[in-house]
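Novice: okay, sequence plus prediction incoming.
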Amino acid sequence: MSSDLAAKLRLGLGELSAVREQFGVLLALEGRDTQGVIERSAACAMLHSFYTEIEKLLKLIAREWDGRLPASDAWHKELLLQMAAGTDGRPAVLSDSLVAVLSEYLAFRHLFRGASIVLMRWEKLLPLLQRAGDTHDRVDTEIRAFIGFLEGDHE
């Protein structure tokens, strides 16, 4: 089971990296005086995709290793907390500091899914875009540490 999960996580990290690589074009817009609805729409779609890829990794661990996904209305937030808590069978997957960062992306995702693109402001999107590289690197490092746990202790 753990080697299969490790392979799936590696594949997911590759997909996350592919999404992250697309942010460069959006970040090049930073110096422009105005960003129209097309640029804001692209930024929203990319940020949504970025967080969704991260969440897919966490759901995979929750489902295949922990044997349970949170089921409440607040399951997205509970998933982050579940991954930050170690269990009898595994260490914490995410650090508390990374959970705090990911919570900002989750808050954006909820806003994006419920609000009009017209209401999205570039000055609110830009910090998330700018931090995506560092966030990606931290997620990659922490998920790879979990893969190391899987491969080192549980094959």
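Specialist: The structure has been received and is ready for your questions. The shown structure was predicted, so the numbers you read here are calculated from the model rather than taken from an experiment. Residues are numbered from 1 along each chain as shown.

Novice: okay, buried residues for the helix ranked longest in the chain please.
Specialist: Using DSSP state H to define each element, the chain has its longest helix at helix 122-153. Within helix 122-153, the residues scored as buried using 16 or more other C-beta atoms under 10 Å are 122, 125-126, 128-129, 132, 135-136, 138-140, 142-143, 146-147, 149-150. In short, each C-beta sits where N, CA and C put it, glycine included.

Novice: quick one: average pLDDT of it?
Specialist: Across helix 122-153, the average pLDDT comes to 92.

Novice: with stretch 77-88 instead?
Specialist: Stretch 77-88 shows a mean pLDDT of 95.

Novice: can you start the count at 22 instead of 1 from here on
Specialist: Understood, numbering begins at 22; the last thing we discussed is stretch 98-109.

Novice: can you tell me the closest non-neighbouring residue to the one residue sitting closest to the centre of the chain?
Specialist: Most central in the chain under C-alpha atoms, centre = their mean is residue 75, positioned 2.9 Å from the mean C-alpha point. The shortest distance from residue 75 to any non-neighbouring residue, by C-beta to C-beta, 6 or more residues apart in numbering, is to residue 160 (5.6 Å).
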